[in-house]
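# Here you go, sequence then predicted model.
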Amino acid sequence: MIAALLVVAFALGYGARCVRPLSRIDDWAWEQIHVRTRDLRDNPARRRRPGWWLAQAVFAVEILGALAVRPRQTAHAWRHRHDPPPARGPAPVIDPDWAAKRRAAEGR
């Protein structure tokens, strides 16, 4: 009995890995956001789409899941989401006479 349950559990896990239902739900939610943006641009009268509200619920669950699994990293990312990018280092300077200097150093 336990062996059969384990086989079923492994089969369900394998199937979920192949189908990736959470990724599909997230893709659907992002598509609803883009559809809403396009609809508001093309026809501002269509402000109430049920898919948009369901997408907001999906995003809320994702955020709560991230907070439950990795609270410190999620809070840090949320606090610093609008920080400017770090300063870039100076650009490398290439000496135009490097080949001549190398030949002179080698004694040619």
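That came in fine, so what should we check first?
# can we go C-alpha only for contacts and neighbour counts from here?
OK.
# So which residue is smack in the middle of the chain?
Asp26 (10.6 Å; C-alpha atoms, centre = their mean).
# any idea which helix or strand comes after the worst-scoring helix or strand of the chain on mean pLDDT?
The helix or strand of the chain with the lowest confidence, counting by mean pLDDT, DSSP states H and E, is helix 21-42 at a mean of 81. As assigned by DSSP states H and E, the chain's next helix or strand after helix 21-42 is helix 50-69.
# what's next to that next one, contact-wise?
25-26, 28-30, 32-33, 36, 74-75 (C-alpha atoms under 8 Å, 6 or more residues apart in numbering).
# Which two of these have the greatest separation?
Across the contacts of helix 50-69, the longest distance by C-alpha to C-alpha is 28.1 Å; it joins Arg36 and Ala75.
# picking that back up, drop anything exposed from the contacts of helix 50-69.
Listed as buried from these are 28-30, 32-33, 36, 74; burial here means 16 or more other C-alpha atoms under 10 Å.
# Tabulate the residues you listed (a markdown table), appending distance to Val8.
As requested, those are exported to a markdown table (distance: C-alpha to C-alpha, whole Å):
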| residue | distance to Val8 |
| --- | --- |
| Trp28 | 28 |
| Ala29 | 30 |
| Trp30 | 32 |
| Gln32 | 34 |
| Ile33 | 36 |
| Arg36 | 40 |
| Thr74 | 34 |
